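> After the sequence you'll find the predicted model.
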Amino acid sequence: MLLESLFAFLIILILATLLYLFSRLLTQKSPDTEEKSAMYACGEKVFSKRLLVNVTLYKYLIFFVIIDSPALILAFAALALEMINPFSLLIYLGIILAADLLLLGGY
């Protein structure tokens, strides 16, 4: 079973690589112009070649990690419920709930 899975993975990897290389050969390359390489920020031209990224939605990422990660952890813990004390799971859920309430209060 392991050998068949490895063989299937290698076949898919080789086909995906060949498809990628073949598509690179077929695509048309557009010439680089000054207008194409120019970046704009609030209507002003920026003379930098680097892309400046402004991360403003980081709080949504924090909410996602804090709210959705415990669901995954508890799903795996539920598989081994006879080895884990349910009281410790309730304490863990309480800590996660307190962290969520603190984040919502600071939002």
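That came through, no problem.
> What does the pLDDT read for the residue sitting nearest the centre point of the chain?
In the chain, the centroid-proximal residue (CA atoms, centre = their mean) is Leu61; its distance is 9.6 Å. As predicted, Leu61 sits at a pLDDT of 77.
> Distance check, it against Ile96.
As judged by CB to CB, to the nearest Å, Leu61 and Ile96 stand 16 Å apart. Glycine gets a C-beta too; all of them are placed from N, C-alpha and C.
> do the same with Pro31
54 Å.
> So which of the two has more stuff around it?
Legend: neighbour count by other CB atoms under 10 Å for Pro31 and Ile96, higher for Ile96 (17 against 5).
> Distance from the host helix or strand of Leu3 to the middle of the chain?
Using DSSP states H and E, Leu3 maps to helix 2-26. Helix 2-26 sits 23 Å away from the centroid of its parent chain (CA atoms, centre = their mean, to the nearest Å).
> Check stretch 88-97 too.
Distance, centroid of stretch 88-97 to centroid of chain: 25 Å (CA atoms, centre = their mean).
> buried stuff in that stretch?
Going by neighbour count (16 or more other CB atoms under 10 Å), the buried part of stretch 88-97 is Leu89, Ile96.
> contact partners of it?
Ile66, Ile67, Pro70, Ile73, Leu74, Ala77 (CB atoms under 8 Å, 6 or more residues apart in numbering).
> Could you count how many residues lie near the fourth one?
Just to be clear, that refers to Ile73. 13.
> quick revisit: report the buried residues of the helix holding Leu3.
Buried residues in helix 2-26 (16+ other CB under 10 Å): none.
> Need the contact partners of it.
By CB under 8 Å, 6+ apart, helix 2-26 touches no other residue.
> quick check: mean pLDDT across it?
On average, helix 2-26 scores 91.
> Use 294 as the first number for this chain going forward.
Let's use 294 as the start, then, which means that last one is helix 295-319.
> So which residues of this protein form strands?
332-334, 337-339 (DSSP state E).
> ok, back up a step: report the buried members of the contacts of stretch 381-390.
Pro363, Ala370.
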